[in-house]
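[1] below: sequence and its predicted model.
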Amino acid sequence: MEKKKVVLGVIGSDAHAVGNKILDYSLTNAGYEVVNIGVLSPQEDFINAAIETNADAIFVSSLYGHGEIDCKGLREKCNEAGLNDILLYVGGNIVVGKQDWDDVKKRFLDMGFDRVYPPGTAAEVGIKDLTEDLSKRG
Amino acid sequence: MEKKKVVLGVIGSDAHAVGNKILDYSLTNAGYEVVNIGVLSPQEDFINAAIETNADAIFVSSLYGHGEIDCKGLREKCNEAGLNDILLYVGGNIVVGKQDWDDVKKRFLDMGFDRVYPPGTAAEVGIKDLTEDLSKRG
Amino acid sequence: MNLKNKRLSDEAFFKEREEVLAGWPTGKEVDLQEAVDYLKKVPDEKNFAKALELAKRKGITLAQPRAGVPLIDKHIELLNHLSKEGGADLLPSTIDAYSRQNRYDECQVGIDESLKEGRAMMNGFPAVNHGVKGCRQVYESIDKPVQARHGTPDSRLLAEVIHAGGWTSNEGGGISYNVPYAKSVSIEKSLSDWMYCDRLVGFYAEQGIEINREPFGPLTGTLVPPSMAIVTGVIEALLAAEQGVKSITVGYGQCGNLVQDVAAIRALEELTEQYLKEYGYNDVVVTTVFHQWMGGFPEDESKAFGVISFGTATAALAGATKVIVKTPHEAIGIPTKEANAAGIKATKMVLNLLEGQRLPMSKELETEIEIIKAEVKCIMDKTFELGSGDLAVGTVKAFEAGVIDIPFAPSNYNAGKVMPARDNNGAVRYYMTGNIPFTKDIIDFNQSKLGERSEFEKRELSFQMTIDDIFAVGKGKLIGRP
Amino acid sequence: MNLKNKRLSDEAFFKEREEVLAGWPTGKEVDLQEAVDYLKKVPDEKNFAKALELAKRKGITLAQPRAGVPLIDKHIELLNHLSKEGGADLLPSTIDAYSRQNRYDECQVGIDESLKEGRAMMNGFPAVNHGVKGCRQVYESIDKPVQARHGTPDSRLLAEVIHAGGWTSNEGGGISYNVPYAKSVSIEKSLSDWMYCDRLVGFYAEQGIEINREPFGPLTGTLVPPSMAIVTGVIEALLAAEQGVKSITVGYGQCGNLVQDVAAIRALEELTEQYLKEYGYNDVVVTTVFHQWMGGFPEDESKAFGVISFGTATAALAGATKVIVKTPHEAIGIPTKEANAAGIKATKMVLNLLEGQRLPMSKELETEIEIIKAEVKCIMDKTFELGSGDLAVGTVKAFEAGVIDIPFAPSNYNAGKVMPARDNNGAVRYYMTGNIPFTKDIIDFNQSKLGERSEFEKRELSFQMTIDDIFAVGKGKLIGRP
Ligand code: B12
Ligand code: B12
């Protein structure tokens, strides 16, 4: 069976590299093919990588606080690029400061993300969800 | 001029001795005659000392949390003993736990204390008030 | 003097016991044989002595809070919060201050008022009033070993009730729970009463039940120089061992200079073991407890966290077997269970970071250990001499003579001539040595250390310096500089 | 390669300067002569370099938070809160992450959105966008020295704006603000850009104005072994000195083993001074900065206080000139001003308690200092060799060759072959040394230390161990045991 593909990267002007390396390692270990575009990645790089590799999901990390600005419009751009049903996950420290999590989550779901993770989420949690979401699609 | 007299003690089953020693030292330094009945002093000891020495004020310390129970009825007993206008001050950590200070203060004022001090009050604050209160009486 | 440092005979013990149990109605609940059976079922992980022994073997430091509220159900809730949310390794039950004066009738008032007002009107758990049944209810509702912590000069009935209740440790001792906690209890009386408590533990030991005993090292918590604290620990350990106690945790309250504090814990452990061996007690397990800063705390909670965490670092670097935890509410009042748990969490974090790390030996550390040991020797030698070889008698006389003299103690039986002050590095030194029979070298050492500070601060050594030191930590500094 | 470790000529500098100032409209505001006049009026207590020098002389450790919000008035409010309520000794202005990538147009979006939403939508203060005027407004509204803290590979325009704005320190350097913060900026480019920043400071120095420069010691904040951090500090100090910088604060991020951390600060200071002297820079004042734990934090705020306080104790015992403060919100997000002040208060409390106290020299400390120095020497020697004596060229080549190699760095110019792990006492060691030209002795030392842990944990040395270590502190431990 062909491996499922995940585009992985840290969006915007964000240079936090450690979580990205760990996610890469864990996803690979879990049997996924990882297309890691690394830190400091604009929306376009995510989309291009997803198109090129025909990916099943995009894992966006944002640690540094600008997540809300950086992620705006990503779903729309995916749609424009024909990635209509690609899974969009986001995690890290996605907003500035300590905010009410339900509120934050809603804002990102409204932006079109399928899954939104709070600070310090273990890679395993995201991987479990991904496996589930993908198996639902068959 | 004769020195003004202050009965000083720690009420109830309370053995906190350090503040007591400091208050003794500071009151004496400020020119008061101190009648220090020490720690672990029941209400009666305060009253007897005040009668015997014809004191102008009583400084009650309570540190250990039982202040509210221990101080109940002190003003009434003073009155019964004929110490009608003796100044009654209380300080230390006079209730159990971190409580709203205005509330605590009111409870002790209602019990008949003239001055009520929050945790960590400097001796000098009490002494300044005492000098003022006494000079008002002339 | 009737007092002797000699194991109580069974006859004397059981005779005294009748009187003790009659002190309050719950005394009737204590049935020694039944208690032995009950205690035999205490699993290792809920036995205080065993938990300490294991920690010592592993070289780790356990965290124990202080906590106690008047009503049983609230107390259980509190302890479980500290264990589960806070992560405490060992649990306490702090006894209220009326019980400490054996005023069990006033405890009843406190219990009733607490019920009525719907809030704690007392500063602890009145274990005697709650009786063996109440103590067992507590013991059975928690998952860690539990110890009574108090300040009771005469804790005989308390000891009977709590041990029968499944509590496998009792804090205190004839000096350490008298002099800082009482005004007019003679040393003779409290030593004798604590011999009873120790004998009770010795009795249980003979039945194969390990119960831990812990002298209260910090004493007044106020600038007590290490050697004075250690002397009381060593004496109480020797007295307890004579009565058959096999698990002893000697303690010390943080003074604030890292090297001095580590030296104190090392000296405390070494000296206790050495004296026990010298006097023929070869099967006692000695562990140590380090108390986070016991003097006045800063009101600001963030600063309190700083004090708590630095104390923890010292405990870990010293290699203490356990650390007693303060809370961010310390300066104000008895902590809420949340504040108490917060103190434990900060403590455990630092302990975990420092697990296995020790302050390495250095010339400075060696020097401090040596001076502490030399000071202790002066006092111990004289104490034995005063008692003509009998330590209990010697202790009474040493207090009379001011040979043992604890700063800021309320007791009328304490000379109160010794005055401490910090040196220029924050170490606590003897400023006035009163009647302590120190050698000239030791006095000179203390004076020269204090002289450095005098010079630095450009002011004479005086009581004002001591006062400034008393307030310093509360105001956010270690040394009370002008 | 055009690069050379040689003071920029006035001609080259002023030519480059024109281009730099044209980078954004606020560049026009910078008038060097007027700036000199302005900076001459900065009083000593608001001059960063002088405050550090004074602290060094007094042997105390200063506390500095990180903080920055997008809007000027909010930023001023924040800094004043940290100074007055928190008690910070030195103030920061953390620059937002768009500015760090020189995306000043996006900053404008961030400022506008922040205004619109009524909350900070950016993670820092966009100083270039606010211009000299905005920076001066900040400087004039506070009572302590202020420094720009960021992570900008090309900070030339930023440096121009902030210094003219009265900010007397700039953090960063050609390595430390590139490799951990960028992906595709060449080392050559960032070294050259930071030479400009240093030259600017050198220019001011020639006008009698002391401005401080601070290499960013913690790098990726993630298990960076001390010697690797120190190499970058020494290199950036030498490069800065060549451009005329006279006040340099070299830095290091806490690893967690007390002895190793103290050794690192001591080695850092000694080596920096030694190399500067060796290369003829005799009038540079070297101070040190210790960063409280820079890796993942625990979410629980009490635990965070523990991490903060233990880091502070290490800084004080090491004798660092300043300590950079974390907050109880670290794991979650940019702190509120209250949380930030709380971190400072805990820090100051511990600093005050430990004022004047140092970790005494011991065999263990000596050994750690020696191994760090030996490791640094291997890397430095090879770097000079690769550059045929030119440090700038050598640095570029050392990165190419993986001689300098920073764990977990995002930069494509970093080899990424070095892997660290903790030993059994929590000290960070080299698990894979990649292309670092260590001697066999050094490699053996690292391996044997790691071997002890392997054995204790009964598992092979592997990347899993490193991963476990990365998560350990966040989970409440220092070492990631299985
Ligand atoms: C040292 C100390 C001890 C020592 C006391 C040694 C001794 N014999 O003196 C020891 C360790 C023995 C001890 C024991 C206990 N303590 Co205690 N102790 C403290 C501590 C840390 C410092 C007290 C101190 O000496 N401060 C320095 C002196 C100079 O300040 P002060 O006493 O506050 O007095 C000053 C002012 O308050 C003021 N003042 C005081 N009275 C008055 C009166 C007037 C009229 C005026 C104007 C001013 C004034 O002037 C003084 C000089 O500035 C405090 C907490 C804190 N403050 O940080 C807890 C504290 C007072 N203790 C407390 C408790 C509960 C106990 C115990 C019950 C034990 C326990 N739970 O484990 C026992 C009680 C024993 C007994 N029977 O009394 C609680 C009280 C709780 C409450 N009120 O809710 C406190 C607040 C700690 C806490 N947060 O739990 N304690
Ligand atoms: C180390 C670190 C740094 C290092 C990064 C080095 C590097 N290049 O990687 C340095 C020091 C350089 C740095 C710089 C900055 N940092 Co930083 N940093 C941290 C810190 C302490 C740890 C991050 C880390 O490595 N964690 C370990 C890894 C393994 O965990 P992780 O990144 O969280 O990722 C895990 C999960 O979140 C999850 N995950 C992540 N993404 C996704 C996505 C999906 C789909 C899923 C399922 C899961 C998932 O899986 C990962 C593995 O478990 C955090 C605070 C913290 N967490 O304690 C701050 C933090 C992230 N940084 C922060 C900031 C603001 C910055 C700076 C702007 C500097 C500043 N203010 O001073 C700069 C930004 C530079 C830039 N341009 O990006 C803030 C962000 C604030 C916010 N969101 O409100 C934080 C939260 C600190 C704080 N409280 O202020 N930082």
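    Everything's here; your move. Ligands and ions are numbered 1, 2, ... in the order given.
[2] how would you label C:Ser176: helix, strand or coil?
    In three-state terms, and counting by DSSP: H, G, I helix; E, B strand; the rest coil, C:Ser176 is coil.
[3] for the nearest residue to it once chain neighbours are set aside, give its distance to C:Ala315.
    Among residues not flanking C:Ser176 along the chain, C:Phe216 sits closest, at 3.8 Å (Cβ to Cβ, 6 or more residues apart in numbering or on different chains). (Glycine included, C-beta is placed from N, CA and C.) Distance of C:Phe216 to C:Ala315, computed by Cβ to Cβ, to the nearest Å: 16 Å.
[4] with C:Leu158 instead?
    Distance of C:Leu158 to C:Ala315, computed by Cβ to Cβ: 27 Å.
[5] more neighbours, the two?
    Ranked by neighbour count (other Cβ atoms under 10 Å in any protein chain shown), C:Leu158 and C:Ala315 place C:Ala315 first, with 32 against 27.
[6] the strands in chain A, which residues?
    Taking DSSP state E, the strands of chain A run over residues A:5-11, A:33-41, A:57-62, A:87-92, A:115-116.
[7] mind checking which of the ones you listed is nearest ligand 1?
    Distance to ligand 1, taken as Cβ to the nearest ligand atom, is lowest for strand A:87-92 among the strands of chain A, at 40.0 Å.
[8] helices or strands up against the longest helix belonging to chain A?
    Counting residues, the longest helix found in chain A (DSSP state H) is helix A:123-137. Applying 3 or more Cβ pairs under 8 Å, 6 or more residues apart in numbering or on different chains; DSSP states H and E, one finds that helix A:123-137 contacts helix A:18-29, strand A:57-62, strand A:87-92, strand A:115-116.
[9] so who does the most centrally placed residue in chain C touch?
    Centroid check for chain C by Cα atoms, centre = their mean gives C:Phe216 as the closest residue, at 1.8 Å. C:Phe216 sits next to C:151, C:171-173, C:176-177, C:180, C:251 when contact means Cβ atoms under 8 Å, 6 or more residues apart in numbering or on different chains.
[10] could you list which of those also contact ligand 1?
    Among the contacts of C:Phe216, the ones lying near ligand 1 by Cβ under 6 Å from any ligand atom are C:151, C:180.
[11] in the contacts of C:Phe216, find the pair that's most separated.
    Longest distance between any two of the contacts of C:Phe216 is 13.3 Å, between C:Gly151 and C:Gly251; criterion Cβ to Cβ.
[12] give me the more crowded residue out of the two.
    Legend: neighbour count by other Cβ under 10 Å for C:Gly151 and C:Gly251, higher for C:Gly251 (28 against 24).
[13] does stretch C:289-302 come close to chain B?
    Yes: for stretch C:289-302, a contact with chain B is found by Cβ under 8 Å from any Cβ of the partner chain, at C:296, C:299.
[14] I meant to write stretch C:74-82 there.
    No: judged by Cβ under 8 Å from any Cβ, stretch C:74-82 stays clear of chain B, getting no closer than 12.2 Å.
[15] I'd like the average pLDDT over that stretch.
    Averaging pLDDT along stretch C:74-82 gives 98.
[16] show residues contacting that stretch.
    Stretch C:74-82 is contacted by residues C:65, C:67-69, C:88, C:91, C:93, C:120, C:125, C:137-138, C:141-143, C:146, C:337-338, C:340-341, C:344 when judged by Cβ under 8 Å, 6+ apart.
[17] restricted to strands, list the residues you listed.
    C:91, C:93, C:146.
[18] any buried residues in stretch A:122-137, and which?
    A:123, A:126-127, A:129-130 (16 or more other Cβ atoms under 10 Å in any protein chain shown).
[19] what's the closest of the residues you listed to ligand 2?
    Nearest to ligand 2 among those, counting by Cβ to the nearest ligand atom, is A:Gly126 at 2.4 Å.
[20] wait, the closest one sits on A:Pro118?
    No: A:Gly126 lies out of contact with A:Pro118 (Cβ atoms under 8 Å); the separation is 11.4 Å.
[21] got the contact list for C:Gln207?
    Listed by Cβ under 8 Å, 6+ apart, the contact set of C:Gln207 reads C:36, C:40.
[22] scratch that, A:Gln43 is what I was asking about
    A:11, A:70, A:73-74, A:77.
[23] show me which of those are buried.
    Among the contacts of A:Gln43, those scoring as buried are A:11, A:70, A:74 (criterion: 16+ other Cβ under 10 Å).
[24] state the pLDDT value of the nearest residue to the last one once chain neighbours are set aside.
    In space, and not counting its chain neighbours, A:Leu74 is closest to A:Gln43: 5.2 Å by Cβ to Cβ, 6+ apart. pLDDT for A:Gln43: 97.
[25] secondary structure class of the residue in chain C that ligand 2 sits nearest to, three-state.
    In chain C, no residue comes nearer to ligand 2 than C:Met349, which is 13.7 Å away by Cβ to the nearest ligand atom. Secondary structure, three-state DSSP: C:Met349 is helix.
[26] residues near the residue in chain A positioned nearest to chain C, how many?
    Nearest to chain C in chain A, going by Cβ to the nearest Cβ, is A:Gly120, at a distance of 15.7 Å. The number of residues packed near A:Gly120 is 18, by other Cβ under 10 Å.
[27] my guess is it meets D:Glu299, correct?
    Yes: in this structure, A:Gly120 is within contact of D:Glu299 by Cβ under 8 Å, at 6.0 Å.
[28] what touches both of the two?
    D:331, D:474.
[29] ok so, going back, out of the contacts of stretch C:74-82, which touch chain D?
    Among the contacts of stretch C:74-82, chain D is touched by C:Ala341 when using Cβ under 8 Å from any Cβ.
[30] tell me which residue is most central in chain A.
    Centre-most residue of chain A, counting by Cα atoms, centre = their mean: A:Phe59, 2.0 Å.
[31] hmm, it is touching A:Leu23, no?
    Yes: using Cβ under 8 Å as the test, A:Phe59 is close enough to A:Leu23 to be in contact (6.4 Å).
[32] so how far is C:Ser99 from the closest residue to C:Asp96 other than its chain neighbours?
    Excluding the flanking residues, the one nearest C:Asp96 by Cβ to Cβ, 6+ apart is C:Gly124, at 3.4 Å. Separation of C:Gly124 from C:Ser99 (Cβ to Cβ): 7 Å.
[33] now do the shared contacts for these two.
    C:His150.
[34] the strands in the stretch 101-250 of chain C, which residues?
    Assigned by DSSP state E, counting those that start in this stretch, the strands in the stretch 101-250 of chain C fall at C:146-149, C:169-171, C:212-214, C:247-253.
[35] deepest-packed of those, please.
    strand C:212-214 (a mean of 29; mean count of other Cβ atoms under 10 Å in any protein chain shown).
[36] identify the residues contacting residue 111.
    No chain specified, so I'll use chain A. A:71-72, A:74-75.
[37] think we crossed wires, I meant chain C
    Residues in contact with C:Ile111 (Cβ under 8 Å, 6+ apart) are C:70-71, C:122, C:126, C:129.
[38] let's go with 7 Å and repeat that
    Applying Cβ atoms under 7 Å, 6 or more residues apart in numbering or on different chains to C:Ile111 gives the contacts C:70-71, C:126, C:129.
[39] and chain C, which of its residues are near chain B?
    Residues of chain C lying close to chain B by Cβ under 7 Å from any Cβ of the partner chain are C:97-98, C:100-101, C:103, C:109-110, C:113, C:120-123, C:180-183, C:220, C:222, C:299, C:329, C:331-334, C:336, C:408-410, C:467, C:470, C:474.
[40] which among the residues you listed count as buried?
    Taking 16+ other Cβ under 10 Å as the criterion, what is buried in the residues of chain C next to chain B is C:97-98, C:100-101, C:103, C:110, C:113, C:120-123, C:180-183, C:220, C:222, C:299, C:329, C:331-334, C:336, C:408-410, C:467, C:470, C:474.
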